[in-house]
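Novice: how would this look folded up:
(chains A, B and C)
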Amino acid sequence: MTGRPIAMWPILRALFARELRLVLRGGHLLPVLAFVFICVMLMPFGLGPELSLLQRLAPGLLWVIMLMAVLLSLDRMFQADFEDGGLDQLLLLPIALEGAVIAKICAHFVGILLPVLAAIPLAGLLLNIHPDAVLPVLATLLAGAPALVMLGAIGAALAVGVRRAGLLTVLIVTPLYVPVLVFGAGGLARALAAPGMLDVGALGVLGLISMASLFLAPPAIAAALRAGLR
Amino acid sequence: MVNTEYFSGAYADFSRAAMSGDALCLRADNLACVRGLRVVFADLNFAVAAGGILHVSGANGAGKTSLLRMICGLLAPAAGHISLSGNTALARQSHYLGHADGLKNTLTPRETMIYESRLMAAHEACAPEDLLAHIGLAKQADQRVGTLSAGQRRRLALSRLLAAPRPIWLMDEPYTALDTAGRDLVDTLMRCHAEAGGMVVLAAHEAVPLADAQLVLDA
Amino acid sequence: MLERLENLSALYANPRRFMNLAARVHTPLWLVAVGVLAFGLFMVSGVPDDYQQGATVRIMFVHVPAAWMALFAYSFIFFASLLAAVLRHPLGYLAARAAAPVGAVFTLVALVTGALWGQPMWGTWWVWDARLTSVLVLLFIYLGYIALWEAIDDYGRAARATSILAFVGFVNVPIVKFSVDWWNTLHQPASVSRFARPALHADFLYPLLVMGVAFLLLFLAITLTRLQMEVLRQRLRVRQSAG
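Specialist: Residues are numbered from 1 along each chain as shown, chains lettered A, B, ... in the order given. Model (predicted):
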């Protein structure tokens, strides 16, 4: 038996590296990026091409689109592992499942959500966003993204192995996203109403939700994955 | 074909434990399995000593896979318990090779092995070149796992057993999809593992001459 | 074989004591619930018309207790799941499952009566008022919970997964409430919430409290009936699978 202590950090790093490679090679990024721009393209058709209207709506639209993009990207997060037996192997690793879950989510974040965030200014450009609004939009999205991905992963883990898991995930996760959207887009609206000022209160609450979900979500996700084992 | 030095080196712990008298022993006491609302098996008792190979057989649905998953903690027993010399947390003492192999299609065999050994925190990491040669995948080392044949995939899955020394090997239908050479490979690996003080529980429909005990589950 | 299964199955205890108790309580509980409801409705009919709202004020006596029950039922689900998880007793999971659709219906009633009340007040069926919006989110929390129960075939897995969701949702509810209140002030600066309750003098307060008690009894009665059904259904499934 291996009585020697096991260093957790190298294992987490290796898992992160493997998952990032899987995300990049799996071609999961492109559909999500495409989704963002399809949403952007549909807006002028639905709302009319009037530039001033689009400019007024752009920050809120970008928040909603980002939220939907995260929801969409969650679909395969645990499902593939569940189907190919990778989940069993994660449970046999010499680290807690919570740690493995965090490594996986970080890879998802870096491999999919950061590139999508980087594309947001371009999407904003198409919606005639005011140049001064770009930075606040990115700042609030970045502050809220950890909460979006962590809370979303709870839904993805609960729906693992279920028929039509994608729709179920959306139904489970949307109520969890309401506070994030409220403080993200709300804080953004306030910041834009008073240019040059970020709403510290709303951003603070947003960061608080992100921090809390970073600590509270992994145990829930791990428990959900364990409950889903056959 | 298989480098037996790996077993004598990496498995020193098991052999030492075996020689010092407090040999490892895998025990199941009054084990029961309920799936949904069906009792799959109940009051199951067995023991596997260090160096033992237990062959589990039984009809489909008799609970072979459930038993293997129970041993490594992927499934909670409805009653009874399993222990390895008194220790009941066996997830980190076991290698589990199930029907679903956990291999990722977009990685290459070489990458798969490198990650496996890092993830298992192997201290005496075997060089992937050697391992690939052992399992007969040297030529396919850098092509995607998704392009491998079923048998080659199975061989690659076997490499996980060598990623880090763990005393319990749990193998669900290990001969599936393998050619004669592949079956020999499975046998050699199991024999080396057992001789070095490890233990194997395998579920298989065919006869396993190598096994020194048999457990028949009847549905 | 059957006895062994009943002993073994982690999710099928044989709640004989509960069933005996339930059988005795069931009819009286329903009678009292209907009686209190009738009395409450009688009291409501005696409430004078509001000088501003007219007869529509009476919708409040359904709306407010329904909203209370929407929250109460979710707390019930949470505590039932918690008890089941801590005590490893399946009755809690069954109770949570039985209560969920009842709570969802009360939530829906609160929403519909809110809209009915709002129509003459606001001139439109739906206003993104803080309270209505929170209740709408609560309805989706219920729907997600029920959908998860329905989506997982294996009873044990469904029980464990839904209890995790119940815990997460329970933490989420006050956060949603807080965030939606904040959001509402953001978009309706300095206006008094138009959904504010009328001054609660005794004419209104007592009928409201009686209706609240009636709804609580109604919730308990329906949930008890559903819980008995759940236990019987489980028992039937065990019998069938044991041959």
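
Novice: got the residues of chain B near chain A?
Specialist: B:13-14, B:17, B:24, B:69, B:72-75, B:91-96, B:98-104, B:106-107, B:111, B:115, B:118-121, B:123, B:160, B:164-167 (Cβ under 8 Å from any Cβ of the partner chain). Placement of C-beta: from N, CA and C, glycine included.

Novice: Out of those, which end up buried?
Specialist: Applying a neighbour-count criterion of 16 or more other Cβ atoms under 10 Å in any protein chain shown, the buried members of the residues of chain B next to chain A are B:13-14, B:17, B:24, B:69, B:72-75, B:91-96, B:98, B:100-104, B:107, B:111, B:115, B:118-121, B:160, B:164-167.

Novice: Which residue does chain B have closest to chain A?
Specialist: residue B:100 (2.8 Å; Cβ to the nearest Cβ).

Novice: and that residue, that one's in a strand?
Specialist: No. With DSSP: H, G, I helix; E, B strand; the rest coil as the criterion, residue B:100 is located in coil rather than a strand.

Novice: circling back to that earlier point, counting only strands, which of the residues of chain B next to chain A make the cut?
Specialist: When DSSP state E defines the strands, the subset of the residues of chain B next to chain A inside them is B:94-96.

Novice: List just the nearest of those residues to residue B:139.
Specialist: Closest to residue B:139 out of these is residue B:95 (25.2 Å), distances taken as Cβ to Cβ.

Novice: That closest one: what's it in contact with?
Specialist: Taking Cβ atoms under 8 Å, 6 or more residues apart in numbering or on different chains as the contact definition, residue B:95 lies against A:92, B:160-161, B:166, B:168-170.

Novice: what's the weakest-modelled helix or strand in chain B?
Specialist: Taking mean pLDDT, DSSP states H and E as the measure, helix B:12-19 is the helix or strand of chain B with the lowest mean score, a mean of 64.

Novice: After it, which helix or strand is next?
Specialist: Beyond helix B:12-19 on the C-terminal side, the first helix or strand identified by DSSP states H and E is strand B:25-35.

Novice: Please identify which helix or strand holds the most centrally placed residue in chain A.
Specialist: What sits nearest the mean C-alpha location of chain A, by Cα atoms, centre = their mean, is residue A:149, with 3.1 Å. Residue A:149 belongs to helix A:131-158 when assigned by DSSP H and E.

Novice: buried ones in the host helix or strand of residue A:40?
Specialist: With the criterion set as DSSP H and E, the secondary-structure element containing residue A:40 is helix A:29-47. Of all the residues in helix A:29-47, those buried under the rule 16+ other Cβ under 10 Å are A:29, A:32-33, A:35-36, A:39-40, A:43-44.

Novice: Kindly report the same for stretch B:158-177.
Specialist: Buried residues in stretch B:158-177 (16+ other Cβ under 10 Å): B:158-175.

Novice: same check, this time on stretch A:88-100
Specialist: By neighbour count on 16+ other Cβ under 10 Å, the buried set for stretch A:88-100 is A:88-95, A:97-100.

Novice: separation between the residue of chain A found nearest chain B and residue B:153?
Specialist: In chain A, the residue that lies nearest chain B is residue A:85 (2.8 Å; Cβ to the nearest Cβ). Spatial separation of residue A:85 from residue B:153 under the definition Cβ to Cβ, to the nearest Å is 12 Å.

Novice: same question, residue A:26
Specialist: Using Cβ to Cβ, one obtains 18 Å as the distance from residue A:26 to residue B:153.

Novice: So which of these two has more stuff around it?
Specialist: The residue with more neighbours, out of residue A:26 and residue B:153, is residue B:153; 19 against 16, by other Cβ atoms under 10 Å in any protein chain shown.

Novice: Am I right that that one is in a helix?
Specialist: Yes. The assignment for residue B:153, made by three-state DSSP, places it in a helix.

Novice: Next one: it from residue A:25, what distance?
Specialist: Using Cβ to Cβ, we find residue B:153 at a distance of 17 Å from residue A:25.

Novice: where along chain A do the helices fall?
Specialist: Assigned helices in chain A, in chain order: A:8-25, A:29-47, A:51-73, A:79-84, A:86-91, A:97-108, A:114-126, A:131-158, A:165-193, A:200-228 (criterion: DSSP state H).

Novice: and the helix holding residue A:149, what does it pack onto?
Specialist: The contact analysis (3 or more Cβ pairs under 8 Å, 6 or more residues apart in numbering or on different chains; DSSP states H and E) places helix A:131-158 against helix A:51-73, helix A:97-108, helix A:114-126, helix A:165-193, helix A:200-228, helix C:155-187.

Novice: Dump the ones you listed to JSON lines, plus distance to residue C:61 and mean pLDDT.
Specialist: Formatted as JSON lines, the entries for those read as follows, by distance: least, Cβ to Cβ, whole Å; pLDDT from 0 to 100:
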{"stretch": "helix A:51-73", "distance to residue C:61": "38", "mean pLDDT": "94"}
{"stretch": "helix A:97-108", "distance to residue C:61": "48", "mean pLDDT": "95"}
{"stretch": "helix A:114-126", "distance to residue C:61": "49", "mean pLDDT": "95"}
{"stretch": "helix A:165-193", "distance to residue C:61": "28", "mean pLDDT": "91"}
{"stretch": "helix A:200-228", "distance to residue C:61": "36", "mean pLDDT": "91"}
{"stretch": "helix C:155-187", "distance to residue C:61": "23", "mean pLDDT": "90"}
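
Novice: Residues of chain C that sit close to chain A?
Specialist: Contact residues, chain C versus chain A (Cβ under 8 Å from any Cβ): C:137-138, C:140-141, C:143-144, C:147-148, C:151-152, C:154, C:157, C:160-161, C:164-165, C:167-169, C:171-172, C:175-176, C:178-180, C:182-183, C:186.

Novice: In ChimeraX, how would I select the buried members of those?
Specialist: If you want just the buried ones from the residues of chain C next to chain A in ChimeraX, going by 16+ other Cβ under 10 Å, the selection is:
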select /C:137,138,140,141,143,144,147,148,151,152,154,157,160,161,164,165,167,168,169,172,175,176,179,180,182,183,186
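
Novice: Near chain B, list only the ones from the residues of chain C next to chain A.
Specialist: Cross-checking these against chain B (Cβ under 8 Å from any Cβ) gives residue C:154 as the overlapping residues.

Novice: and the residue nearest the centre of chain C, what is it in contact with?
Specialist: The centroid of chain C falls nearest to residue C:103 when counting by Cα atoms, centre = their mean (2.4 Å). With contacts defined as Cβ under 8 Å, 6+ apart, the neighbours of residue C:103 are C:69-70, C:72-74, C:76-77, C:142, C:219.

Novice: can you name the two of the residues you listed that are farthest apart?
Specialist: Taking Cβ to Cβ, the two most distant members of the contacts of residue C:103 are C:142 and C:219; they sit 13.5 Å apart.

Novice: any idea how far the closest residue to residue A:31 other than its chain neighbours lies from residue A:35?
Specialist: What sits nearest to residue A:31 in space, not counting adjacent residues and going by Cβ to Cβ, 6 or more residues apart in numbering or on different chains, is residue A:72, at 7.6 Å. Taking Cβ to Cβ as the measure, residue A:72 and residue A:35 are separated by 6 Å.

Novice: Can you tell me the element residue B:201 falls in?
Specialist: Per DSSP H and E: residue B:201 is located in strand B:199-203.
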